[in-house]
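> fold the following, please.
(3 chains)
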Amino acid sequence: MKKNLVLLLLSLTLLFSFSFAQEQASGGTDLNPNAISSETERLGSMLQLSDIPNDGGGGIEINWTLNDSLSNYFITIIRREGNIKKIVASDLLASSGQVRDVNSDENKSNVKDGTEYFYTAVLSEYAVSQEILDYLVCDSLDMEAMTIADANQVYLISDESGPVKSKASWFNLERLTVLISAIIITFLFLLYLQLARKGKELYIRKISGLDAVEEAVGRSTEMGKPIMYILGIGYVTDIPTIAGLTILGRVSKKVAEYETKILVPSYDPVVMTTAQEVVKEAFTEAGRPDLYNKNDIMYITQDQFGYAAGVDGMMLREKPGAVFLQGLFFAESLILAETGHSIGAIQIAGTTETAQLPFFVAACDYTLIGEEMMAASVYLQKDPLMLSSIAAEDVMKVIIIIILLIGLILGILGPGMHIEFFDKLFNLLIEIL
Amino acid sequence: MLKGKNIPLAITFTVGLIMIVSFFIPHRPFGDIEQISLKWYSIIAGFTMLLGVDSLLGLHFRKVKRKEENWIHSIVLIAGFVMVVIAGVWGTIQYGSAFDERSFFTYIYNYFIVPLQSTMFSLLAFFVASAAYRAFRARNVDAALLLITAIIVMLGRVPVGELISPYLPKFTDWIMEVPQMAAKRGIGLGIYLGALGVSIRIILGIERSYLS
Amino acid sequence: MKIFEKLSHIDRRFIYILIAIVVIVPLLLKPKLPIVPTKPVKDIYDYVENLPQGSNILISIDYDAASMPEQQPFLEALLRQCFRNKLKPIMIVQWQLGAPLGTTGLEKIAKECNAQYGVDYINLGYRPGYVAQMVGIGREIRDYFAVDYKNVSIDSFPIMRNIHNYNDFALLVGLEAGATYLLWVEYAGGRFKQKIALALNAVSAPDAYYFYQSKQIIGLVGGMKGAAEYEVLENKPDLAVAGMASQSYSHILIILFIVLGNITYFVEKSRKKKEGGR
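Take a look at the predicted model:
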């Protein structure tokens, strides 16, 4: 009680001296020292603390709610562990409503699992000054103070919240839906794998772009021209690039059978090395390892348009009879495809970048649209084991379509026509997903 | 047994499984695996640049040595390469950063790379026109619908559309946000399922065409 | 009918010349066209406009010289708005070759608005490794950006004193020429709930409508058109507005080509039909 009185007096003195200084200042500023205290008499224990859910430990989530009139104010958060105080964050927007106290690479033991922490918030109208920051972590500060002030403004201090402990989770519950989907698709995959092994015929529809591979390689050989295979500007970590590499394997095998030449200009050295291995293997498989030339799979540059320029130049000089554009393409897609068209090559393109598909459709003879490209290696090999994955994908697609339809109907009846029962069901569906 | 092709397949399977597990289990040591492997990849990818340089320079040195067709171009490439490397190193030594405003490297950037890149990208304008002229034909009802939509969007996306009718840009926005997105989402769904299929095939060792 | 036959085999270089003319002439004559800001652009503008003074904005330069005409005008307009509203831009670079463009734009506008380096704005430069960095900033920006673009410790600048991770940024603005934005949405947005605004090249802008619709991004500036709208909102028409006339006329020309192409197609088709009938 006594302590509080002293603090109150201290705050009042500070406030008084501040108002006095304000009056003295000529011209005056637009600072309003009473802005905070007039709007909120007391912050109370405004911070809600919790362990960050679904993380690897070492993290506390701090949430708060303030009325709208304070949304443009700043918040500084102080943490106390025993007698040690630390500024967690300063000058946060009050409207952000949340901050996380976590470990970093430099300070891996910032927040220790199992340790009790207490948090306090400081509200201010303007950014907090360094003196106040220093004062907030010094030993002499009493965490039960309600206001402090410096020459510029008053700071309002909340009650201390806590204790809270952080802990590591053994399962990320947010990813439960992903896990269930993964289990379903793996189950479907294994089911179809089993069926395929038992001799069930699995159907895959005709993909004319892939049927044309043989024609393209054949025609190119007849004309005595090389084949060019462009993997785009993806890295080996990108699925479309991996799909492009698997198609490259099949195409190179055909190339080796026809005893012609394949050029693979690359954007990324790792992709180049992988492409060299893929082509080498395909040539060996076709029984023509002697035809393999490592230098035909070369690195150009890792600059998007530099790469486009390099490949265009190569196309104009080497005049390939067939051009394959399979992988990840961005703005350079049409620059490559139009040049390929201008030299009269048969072009078979494929990408997952939906924005580039129209360009390919316009400029190339055949285009593999997204998933056709992913299915290409299966299609070209027609191995029943591989076909089973496509069948599993299709079943999964049907499941997704059913969920979409349910969502559509519930969406119309619930949020659309405001029928409470369906509204609840709709929200439940969204929560589950 | 673990020999020949089985070793890389076993590695692929194990690493794939660990990555999947770490996606669901945030607890140490699993939770850190993603970040650690990303760092490893960054480091390895940095070194593979040497492979790229080796491939590029090797190819062009050979061309010069054998006086192959257009070998003069190769000399220009090698000279350019050496010049930029020296400029970069020199800029770093002299000014602390190759991208310092006073460095010759920045000069190369501003007066070579910027115009060259812009030129390549601007080719797109010409190619779009020629491809549109050649390929955009109303061969059937679907193609005709597509063509009309394209014209509406092209007009709606530029100020001229506003001059024709203030509703045109709004209609364009609707086309972009509703029918366009509907088609894209459909394709997207197929792509992600396809990607999932590729991943499963690779992890289970059914897809091997990427292996040597 | 011979003219249609000729037209169907027109030399593409003729098309190229016409395109060059309709692009260059308006740039020289600068005709005025009305530019009405669209909602995705206005959303960003309004959001930034309503931020309290002193808020930090993380700007990521994810483009290079090729996309300069589309991205640079937006960068400049955004920076003008930031400095006018006393917001603090913190620039980082994900595409190395974009570093000089970001720096030039930032320095130019900072000079124009009398902003002080290290106090009102800062340039942290390029660091390799997109994803590791995006996840890393969620914890501590110093893990990746301990120094600014001139290798000076960021702790020596007042602006960085209280900046640690995404919590300290009121907005992340990504200027994107490629697909880097997907990672921003996935990591900064998905994992750390960072508010994101994106400026994309026109060619890839349609792809980002997903995120705008699902409110994963607050707004979207698409290509030079979006940048021109932003310039109009900021009341300082500049390069993007100037470029809009070129874009308008080239679109009209392309439409004319398409129409012409179709007329020749139908004429040729009916001619072939007649010949076949004989």
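
> how about low-confidence regions in chain A?
Residue ranges of chain A with pLDDT under 70: A:1-42, A:104-107, A:141-145.

> got the domain ranges for it?
Using automatic domain parsing, the domains assigned to chain A come out as A:2-164, A:173-201+A:385-432, A:208-381.

> can I get stretch A:160-172 in PDB, CA atoms only?
Extracted in PDB, the C-alpha atoms of stretch A:160-172 (Å, rounded to 0.1, in the frame of the first residue of the first chain):
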ATOM      1  CA  GLU A 160       2.100  -8.700 -14.600                       C
ATOM      2  CA  SER A 161       0.700 -11.800 -16.200                       C
ATOM      3  CA  GLY A 162       2.000 -15.300 -15.700                       C
ATOM      4  CA  PRO A 163       3.500 -17.700 -15.000                       C
ATOM      5  CA  VAL A 164       3.700 -19.500 -18.300                       C
ATOM      6  CA  LYS A 165       6.000 -22.300 -19.400                       C
ATOM      7  CA  SER A 166       6.900 -23.300 -22.900                       C
ATOM      8  CA  LYS A 167       7.000 -26.900 -24.100                       C
ATOM      9  CA  ALA A 168       7.700 -28.800 -27.300                       C
ATOM     10  CA  SER A 169       4.800 -30.600 -29.000                       C
ATOM     11  CA  TRP A 170       5.100 -34.200 -30.300                       C
ATOM     12  CA  PHE A 171       2.500 -33.700 -33.000                       C
ATOM     13  CA  ASN A 172       1.500 -30.600 -35.000                       C
END
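
> that stretch close to chain C?
No. Using C-beta under 8 Å from any C-beta of the partner chain, stretch A:160-172 never reaches chain C; the gap is at least 11.3 Å. All C-beta atoms are positioned from the backbone trio N, CA, C, and that covers glycine.

> which residues touch that stretch?
Contacts with stretch A:160-172, where a contact means C-beta atoms under 8 Å, 6 or more residues apart in numbering or on different chains, come from A:45-60, A:80, A:111-120, A:143-144, B:23-28, B:31.

> buried ones from those residues, can you make that a PyMOL selection?
In PyMOL syntax, the buried subset of those is picked out as below (16 or more other C-beta atoms under 10 Å in any protein chain shown):
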select buried, (chain A and resi 46+47+49+51+52+54+55+56+57+58+59+60+80+111+113+117+118+119+120) or (chain B and resi 23+24+25+26+27+31)
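
> which of the contacts of stretch A:160-172 fall within helices?
Mapping these onto helices (DSSP state H) picks out B:Phe23, B:Phe24, B:Gly31.

> thought the second one was touching A:Ile180?
Same thing as B:Phe24. No. B:Phe24 is beyond contact range of A:Ile180, at 11.1 Å (criterion: C-beta atoms under 8 Å).

> mutual contacts of the two, please.
Common neighbours of B:Phe24 and A:Ile180 (criterion: C-beta under 8 Å, 6+ apart): none identified.

> list the contacts for C:Ile255?
B:Ile151, B:Met154, B:Leu155.

> would you map the strands across the stretch 301-433 of chain A?
Listed in chain order, the strands of the stretch 301-433 of chain A (DSSP state E, counting those that start in this stretch) span A:322-328, A:346-351, A:366-369.

> what helices or strands is the last one leaning on?
Strand A:366-369 makes packing contacts with helix A:208-222, strand A:346-351, helix A:357-363 when contacts are defined by 3 or more C-beta pairs under 8 Å, 6 or more residues apart in numbering or on different chains; DSSP states H and E.

> dump those into CSV; add mean neighbour count and distance to chain C as well.
Output for the helices and strands packed on strand A:366-369, formatted as CSV (neighbours: other C-beta atoms under 10 Å in any protein chain shown; distance: least, C-beta to the nearest C-beta, whole Å):
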stretch, mean neighbour count, distance to chain C
helix A:208-222, 18, 22
strand A:346-351, 27, 12
helix A:357-363, 22, 9
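
> the nearest residue to B:Met181 once chain neighbours are set aside: which element?
Distances taken as C-beta to C-beta, 6 or more residues apart in numbering or on different chains put C:Tyr209 closest to B:Met181, at 5.5 Å, once the chain neighbours are dropped. Assigned by DSSP states H and E, C:Tyr209 belongs to helix C:209-213.
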